[in-house]
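*Asks:* Take this sequence and fold it.
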Amino acid sequence: MKKHDDCECARGGSFLLGDGFSRRRFLRLAGTGLVASYFAPVLSARLLEDAKSVAPSLRNSAKNCILIFLSGAPSHIDTWDLKEGSWTPSNFNPTSYGTFRFPQGLMPNTANHLNKVCVVRSGLAWAAVHPLAQGWVQIARNPSGLAGAVSPHIGAVVALESQLHRKPGDVLPGFVSINQVIAGAGYLPARYAPLPVTPSQDGLSALTHPDGVARFADRWNLIRKIDDDRASASLGRNASDMSTFYDQAKELFDTPNIAKTFAYTAEEYVRYGSSSFGGSLVVARNLINAQRGTRFVQVTLGGWDNHSNIYSDIAGIYKPMKSFDPAFGALLADLAAAPGAESGRTLLDETLVVVIGEFGRTVGALNAQGGRDHFQRMSIAFAGGGVSGGRVVGATDPTGAAATEFGLLGRDARPEDVAATIYSALGIDYTTVRHDDPLGRGFEYVPFAKDGTYGPIEEVFG
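*Replies:* Next comes the predicted model:
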């Protein structure tokens, strides 16, 4: 594939220009309408497109994924793609770790695990607007497009694909979101929507009825008797989704000690940095380690929108980093120390960890407010799940503004490529096209992947 000039995009150009919006793409957006297949069984094999232009390359190297989303967009040139200048604080303590030039003083715990991490420095967002770019990362397409409103989160697709492999006793939802998520199940049934969780040291107290098990059973039996229409799904999809919520909640209620999966000890809280985010990563680890059905966890950490005073201890990059760095280091250490489901493998071997924001931040000298503004160039970090650590994919110029090396993709790595990489690691065919979408266009797991436009970032895996 040929290289192309991304200077316009890197400076904040529109995704409607260049490769992002061709005539072919425009034609595919035309002529939509609701179809009856919207209500068809979502797991039916006949809903999948058989013919594909590109044979997918599936790594199948992971069973689970933890997506750490850094909402607000961290500065790539102060973290994963360090660019040193007169602006660089001395306490960043820039240090060389093999191919990494890394801010050891800012991220000391992460620095201890760089041998597990692969950084893609040739990432590029399609837009530099928070809601648009955040949604794009999580659904792998333009959220403002026709399909955006009905498109499921990547995690919902993972939950759908893992549904057929669930075992008796898999009572946890396939997709759990901790703190915040932009997208849900989209047009897919609600059973694939994320379970929203706000972690606490006590776990989910709502899973215990205050009046006891017997009283809860009486209430459950009563609602079943008076709400037959909901159970039969004769009232349509919304009622059927509500029935699914009830049934999933009942299953959790009936499972002894399941609430402890969502809890953490005082020792763990301290070891993960004594922050809400640290507690969130403990819960993410617990959910994966429980092996009770959860295959995708998103954990969100905000605070990275540093337009002013980016190097301030109070409100700058140090504040969210004090939560991220110890928690991320502890997560990688714990996953690497825990046995996996398969003999001889660790939980880190079986779990792909992805760290990504919606875009990066402006490069070079700081703005007039001592901060950095929105910028489309970005870096993405991968670990575990078959990732070859201690390496970098792609490179940028001395300022961090433009990519100078692209790797095997031959171009910038887009959110669609990140999604394809996640799907590939989990053994999911990223070229899949379903024909149960409400627009009748065919829902692509990754848009245009079937014709080779997007695909996995293969060098991540070595």
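
*Asks:* I'd say Ser323 and Gly278 touch.
*Replies:* Yes. Counting by C-beta atoms under 8 Å, Ser323 touches Gly278, with 6.6 Å between them. (Each C-beta comes from the backbone N, C-alpha and C, glycine too.)

*Asks:* Please, where are all the strands along the stretch 51-200 of the chain?
*Replies:* Under the criterion DSSP state E, counting those that start in this stretch, the stretch 51-200 of the chain contains strands at 64-70, 94-97, 100-103, 117-124, 175-178, 195-197.

*Asks:* of all those, which lies closest to Arg391?
*Replies:* strand 117-124 (5.3 Å; C-beta to C-beta).

*Asks:* From Phe175, how far out is the closest residue to Ala128 other than its chain neighbours?
*Replies:* Of all residues not flanking Ala128 in the chain, His374 sits nearest, at 3.9 Å (C-beta to C-beta, 6 or more residues apart in numbering). Going from His374 to Phe175 by C-beta to C-beta, to the nearest Å gives 29 Å.

*Asks:* neighbour-wise, which of those two wins?
*Replies:* With neighbours defined as other C-beta atoms under 10 Å, His374 and Phe175 compare such that Phe175 has more, 30 against 19.

*Asks:* returning to that earlier point: among the strands of the stretch 51-200 of the chain, which is the most enclosed?
*Replies:* strand 175-178 (a mean of 27; mean count of other C-beta atoms under 10 Å).

*Asks:* Residues contacting that strand, please?
*Replies:* With C-beta atoms under 8 Å, 6 or more residues apart in numbering as the test, strand 175-178 has contacts from 153, 155-156, 158-159, 192-199, 280, 283-284, 287, 294-300.

*Asks:* same deal with stretch 396-404?
*Replies:* 6-7, 10, 76-77, 81, 83, 121-122, 124, 360, 363-364, 375, 377, 394-395, 412.

*Asks:* ok, 7 Å please
*Replies:* For stretch 396-404, the surrounding residues in contact (C-beta atoms under 7 Å, 6 or more residues apart in numbering) are 6-7, 10, 76-77, 81, 83, 121-122, 363-364, 377, 394-395, 412.

*Asks:* Show me the helices in the stretch 1-150 of the chain, by range?
*Replies:* Along the stretch 1-150 of the chain, counting by DSSP state H, counting those that start in this stretch, helices occupy 7-10, 23-28, 108-111, 130-139.

*Asks:* Return the residues in contact with the closest residue to Ala403 other than its chain neighbours.
*Replies:* Leaving aside its chain neighbours, Ala403 sits nearest to Ser122 (4.2 Å; criterion: C-beta to C-beta, 6+ apart). For Ser122, the contact set (C-beta under 7 Å, 6+ apart) comprises Val393, Gly394, Ala403, Glu405, Phe406, Gly407, Asp412, Ala413.

*Asks:* Going by length in residues, pull out the top helix of this protein.
*Replies:* helix 318-337 (DSSP state H).

*Asks:* Let me see the mean pLDDT of it.
*Replies:* Helix 318-337 carries an average pLDDT of 98.

*Asks:* quick one: buried residues of that helix?
*Replies:* For helix 318-337, a neighbour-count test (16 or more other C-beta atoms under 10 Å) marks 318, 320-336 as buried.

*Asks:* now it, how far from the chain's geometric center?
*Replies:* 17 Å (C-alpha atoms, centre = their mean, to the nearest Å).

*Asks:* Could you tell me the angle between it and strand 64-70?
*Replies:* 170 degrees (axes from the mean of the first three to the mean of the last three C-alpha atoms, to 10 degrees).

*Asks:* how about the CA coordinates for helix 318-337, as CSV?
*Replies:* Extracted in CSV, the C-alpha atoms of helix 318-337 (Å, rounded to 0.1, in the frame of the first residue of the first chain):
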residue,chain,number,x,y,z
TYR,A,318,0.8,14.8,36.7
LYS,A,319,-2.7,14.5,38.3
PRO,A,320,-4.2,11.7,36.1
MET,A,321,-0.7,10.1,35.7
LYS,A,322,-0.5,9.7,39.5
SER,A,323,-3.6,7.4,39.1
PHE,A,324,-2.6,5.8,35.8
ASP,A,325,1.0,4.9,36.3
PRO,A,326,1.0,2.8,39.6
ALA,A,327,-2.3,1.1,38.6
PHE,A,328,-1.1,0.2,35.1
GLY,A,329,2.2,-1.2,36.4
ALA,A,330,0.4,-3.2,39.1
LEU,A,331,-2.1,-4.6,36.6
LEU,A,332,0.6,-5.9,34.3
ALA,A,333,2.5,-7.4,37.2
ASP,A,334,-0.6,-9.2,38.6
LEU,A,335,-1.7,-10.5,35.2
ALA,A,336,1.8,-11.8,34.5
ALA,A,337,1.9,-13.6,37.9
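
*Asks:* helices or strands up against that helix?
*Replies:* helix 108-111, helix 276-290, strand 296-301 (3 or more C-beta pairs under 7 Å, 6 or more residues apart in numbering; DSSP states H and E).

*Asks:* show me what contacts the residue nearest to Ala128?
*Replies:* Ala73, Ala128, Phe359, Arg361.

*Asks:* any chance of these in TSV, plus neighbour count?
*Replies:* Below are those laid out as TSV (neighbours: other C-beta atoms under 10 Å):
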residue	neighbour count
Ala73	26
Ala128	25
Phe359	29
Arg361	29
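
*Asks:* Which one of these is nearest to Ser308?
*Replies:* For those, the nearest to Ser308 is Arg361 (11.9 Å; C-beta to C-beta).

*Asks:* what's the pLDDT at the closest residue to Leu70 other than its chain neighbours?
*Replies:* The shortest distance from Leu70 to any non-neighbouring residue, by C-beta to C-beta, 6+ apart, is to Gly357 (4.1 Å). Here the pLDDT value assigned to Gly357 is 98.

*Asks:* Go ahead and confirm Gly357 touches His76.
*Replies:* No. Gly357 is beyond contact range of His76, at 8.4 Å (criterion: C-beta atoms under 7 Å).

*Asks:* what's the overlap in contacts for the two?
*Replies:* By C-beta under 7 Å, 6+ apart, the residues touching both Gly357 and His76 are Met378.

*Asks:* distance between stretch 429-446 and the chain's centre?
*Replies:* 20 Å.

*Asks:* Could you pull up the mean pLDDT of that stretch?
*Replies:* 96.

*Asks:* on that earlier part again, Serialize the contacts of Ser122 to a markdown table and add fields for distance to Ala383 and secondary structure.
*Replies:* Listed next are the contacts of Ser122 as a markdown table, based on distance: C-beta to C-beta, whole Å; DSSP: H, G, I helix; E, B strand; the rest coil:
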| residue | distance to Ala383 | secondary structure |
| --- | --- | --- |
| Val393 | 13 | strand |
| Gly394 | 17 | coil |
| Ala403 | 22 | strand |
| Glu405 | 21 | strand |
| Phe406 | 22 | coil |
| Gly407 | 18 | helix |
| Asp412 | 22 | coil |
| Ala413 | 16 | strand |
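
*Asks:* which residues does the residue nearest the centre of the chain contact?
*Replies:* The residue lying closest to the centre of the chain (C-alpha atoms, centre = their mean) is Leu67, at 3.6 Å. Leu67 makes contact with Gln298, Val354 under the criterion C-beta under 7 Å, 6+ apart.
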